[in-house]
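In: below is the structure, and that's it, no one-letter string:
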């Protein structure tokens, strides 16, 4: 094990600290509520035309009384720049399923912080326009 630690540039005590951190994240993840769970790692491929495919995956989808809830779990603590990603997921969901999700959320497993969006028809259309502009730039 010592040789492997050397290759990683870590001492055994540093490696132990990483293992403890990963275990703590996993324990917090296991404690998250799973009510309404529908699907994990929902992969998508959307043909945007002109040889461009929008490809990705959503961490989880839950059913709620208000409608589908998209959840993106993060292991880090920085969530302030996740709104565009969540708006993109809402757009993809609407294109694939013909309905706007009730919510799209990014949740830090490390801190419990949550960024919560309630997408609207207008926000989905705005995201479609923005993505369309990006695609035109790529062509």
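Out: In hand now; what should we look at? No experiment lies behind these values; they were computed from the predicted model shown.
In: quick one: end-to-end length of stretch 110-120, please.
Out: End-to-end distance for stretch 110-120: 29 Å, by Cα to Cα, to the nearest Å.
In: can you name the residues bridging to residue 52?
Out: With DSSP bridges applied, the residues forming beta bridges to residue 52 are residue 49.
In: tell me the SS of residue 55?
Out: Classification of residue 55 by DSSP: H, G, I helix; E, B strand; the rest coil places it in strand.
In: got the contact list for it?
Out: Going by Cβ atoms under 8 Å, 6 or more residues apart in numbering, residue 55 touches 43-46. (Each C-beta comes from the backbone N, C-alpha and C, glycine too.)
In: okay, those residues in TSV with secondary structure, pLDDT and neighbour count next?
Out: Below are these laid out as TSV (DSSP: H, G, I helix; E, B strand; the rest coil; pLDDT from 0 to 100; neighbours: other Cβ atoms under 10 Å):
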residue	secondary structure	pLDDT	neighbour count
43	strand	95	9
44	strand	95	15
45	strand	94	9
46	strand	91	15
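In: between all of those residues, which two are separated the most?
Out: 43 and 46 (11.0 Å; Cβ to Cβ).
In: next structured bit after the host helix or strand of residue 59?
Out: Assigned by DSSP states H and E, residue 59 belongs to strand 52-64. Counting by DSSP H and E, the next helix or strand C-terminal to strand 52-64 is strand 67-74.
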